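**Q** Here is a sequence with its predicted model. Questions after.
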Amino acid sequence: MVAAVALLAALGPPFASGQERGEPDGEAEREGALFLLLPVGAQGIGSGRAMTAVASEEAAFWNPAGLAAQRERRLTVYSGKHLDQSTALSVLWPLSRLGTVGLSYYLHDQGKQDITDDFENVLGEVSHRNHLAIASFGAALPWGVHAGVNGKVVQYRVGCSGECQEHETTSSAYAWDVGVQAQPLPGVPLRVGWMLTHLGTRFRSRDADESGPLPARMRVGVAYEALGRLVEDGMMSLWLSVEAEDHVRALGSPSVHVGMEFLAADIVNVAIGYAHLHDGRAQDPQNLDRASGATVGVGFSVDPFDLGLSKYLAHSNLTETSAIHVSLGVSF
């Protein structure tokens, strides 16, 4: 881990300072805060990240419009590992008929690095961490439309313990997400979703004049419940979802995500998903938003608690097949 952090420091931390998106001409503007592209939540990961049209307790990290259907106050903790350890906390609070508010925090910890002198004496230790704070609101509008918005504070911080103050730095930005979901055909369990995410100020360092735009993305998705006409008692449901995600500033090269989630008696759910790319650049570490492969997830619910587990089935530069992503929630 120390060696990896040292390399990140030497090259400029990719999730913080930004990288080129890997276009063939090499002239694309470098994006900052690429850690924002990492998925959060066992349900979303297990479903292949096809969450734009889905109502979910994880919606603050996917599409805040999905919070409008929330009916219970809820606390959820998330933990997982991509390149480095990630941890998140989310609190949701429905406000009667007004909608649902949420407060969430996400930490992506890139680890620590020893600072030594010419004689290999340890002078101090620096830490590399990405922070994200989110205030969310989702509400139901007329004609079956749900809308949501996120306000976000994004920060990358290098901290120091010891004689290494010259290595301390902070980069920060402010961002917004806006999204909608709707059921356009009355009586047909088909949902559509649309979202713009990571729109905001440039990601600027406190100690440098250089800055980069945030990795703004547009997502369009649909979800269909396939068992409603076959199982009348509502004890089982099967949601099929698909969506496309593309760069806001360079439309035309979308990634495609598909997912399937089966729910039995509101007790057990099983999800599988897959992310497909338009070209073969998924394994390039500069294309952090383009990690592809299959995923699987499972969840268990016993009121008021629920547990979700998911993992990637294929190794990439972003994932480890042995890593389990966990979500633990409680309603109160």
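**A** Happy to help now that I have it. Numbering: from 1, shown residues only.
**Q** middle-most residue in this protein, spatially?
**A** residue 39 (3.1 Å; Cα atoms, centre = their mean).
**Q** could you check the distance from that one over to residue 259?
**A** The gap separating residue 39 from residue 259 is 12 Å, by Cβ to Cβ, to the nearest Å. For every residue, glycine as well, the C-beta is placed using N, CA and C.
**Q** Which residues are in contact with each of the two?
**A** residue 49 (Cβ atoms under 8 Å, 6 or more residues apart in numbering).
**Q** got a list of what the residue nearest to the centre of the chain touches?
**A** Neighbours of residue 39 in contact, by Cβ under 8 Å, 6+ apart: 45, 49, 61.
**Q** The first one reaches residue 80, doesn't it?
**A** Yes: distance between residue 45 and residue 80: 7.4 Å, which falls inside the contact criterion (Cβ atoms under 8 Å).
**Q** residues shared between the contacts of the two?
**A** residue 325.
**Q** Same drill for those two, tell me which one is more crowded.
**A** Remark: of residue 45 and residue 80, residue 45 carries more neighbours, 30 against 23, as counted by other Cβ atoms under 10 Å.
**Q** wait, what's in contact with that one?
**A** Under the criterion of Cβ under 8 Å, 6+ apart, the neighbours of residue 45 are 39, 80, 273, 295, 297, 310-312, 325.
**Q** Now for these: which two are most distant?
**A** Comparing all pairs in the contacts of residue 45 by Cβ to Cβ, the longest separation belongs to 80 and 273, at 15.0 Å.
**Q** circling back: okay, and which of the contacts of residue 45 map to strands?
**A** Per DSSP state E, strands hold the following members of the contacts of residue 45: 80, 273, 295, 297, 310-312, 325.
**Q** coming back round to it: turn the contacts of residue 45 into TSV, including pLDDT and distance to residue 130.
**A** Output for these, formatted as TSV (pLDDT from 0 to 100; distance: Cβ to Cβ, whole Å):
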residue	pLDDT	distance to residue 130
39	91	14
80	93	14
273	96	25
295	94	22
297	97	24
310	96	21
311	93	22
312	90	20
325	95	17
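**Q** tell me which of these is nearest to residue 237?
**A** The shortest approach to residue 237 among these belongs to residue 297, at 15.6 Å (Cβ to Cβ).
**Q** Can you spell out which residues form a bridge with that closest one?
**A** Counting by DSSP bridges, residue 297 is bridged to residue 271, residue 310.
**Q** What is the neighbour count of it?
**A** 26.
**Q** ok, it touching residue 312?
**A** No: checked against Cβ under 8 Å, the pair residue 297 and residue 312 is beyond contact range at 10.4 Å.
**Q** avg pLDDT for whichever strand in the chain runs longest?
**A** Ranked by residue count and defined by DSSP E, the top strand of the chain is strand 122-141. The average pLDDT within strand 122-141 is 93.
**Q** roughly how far apart are residue 48 and residue 297?
**A** 9 Å.
**Q** same check, this time on residue 186
**A** The value you get for residue 186 to residue 297, if Cβ to Cβ is used, is 31 Å.
**Q** swap in residue 227?
**A** Applying Cβ to Cβ to residue 227 and residue 297 gives a distance of 19 Å.
**Q** and if you look at residue 198?
**A** Taking Cβ to Cβ, one finds residue 198 at 24 Å from residue 297.
**Q** what about the protein, any weak spots by pLDDT?
**A** 1-28, 206-210, 232, 277-291, 315-322 (pLDDT under 70).
**Q** all helices for it, in order.
**A** In order along the chain, the chain carries the following helices (DSSP state H): 2-11, 14-17, 42-46.
**Q** Look up the closest residue to residue 71, ignoring the ones flanking it.
**A** Closest residue to residue 71 apart from its sequence neighbours, by Cβ to Cβ, 6 or more residues apart in numbering: residue 94 at 6.0 Å.
**Q** Just list the residues touching residue 60, thanks.
**A** 67, 90, 92, 102, 104, 134, 136, 150.
**Q** now, which of the residues you listed lie within strands?
**A** 90, 92, 102, 104, 134, 136, 150.
**Q** tell me the contacts of the fifth one?
**A** Spelled out, it's residue 134. Per Cβ under 8 Å, 6+ apart, neighbours of residue 134: 60-61, 102-106, 150-152.
**Q** possible to save the residues you listed as CSV with distance to residue 238?
**A** Converted to CSV, these look like this (distance: Cβ to Cβ, whole Å):
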residue, distance to residue 238
60, 25
61, 23
102, 27
103, 32
104, 28
105, 33
106, 30
150, 29
151, 35
152, 33
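**Q** Could you give me the ChimeraX selection string for whichever of those are buried?
**A** Selection of buried members from the contacts of residue 134 for ChimeraX, criterion 16 or more other Cβ atoms under 10 Å:
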select :60,61,102,104,106,150,152
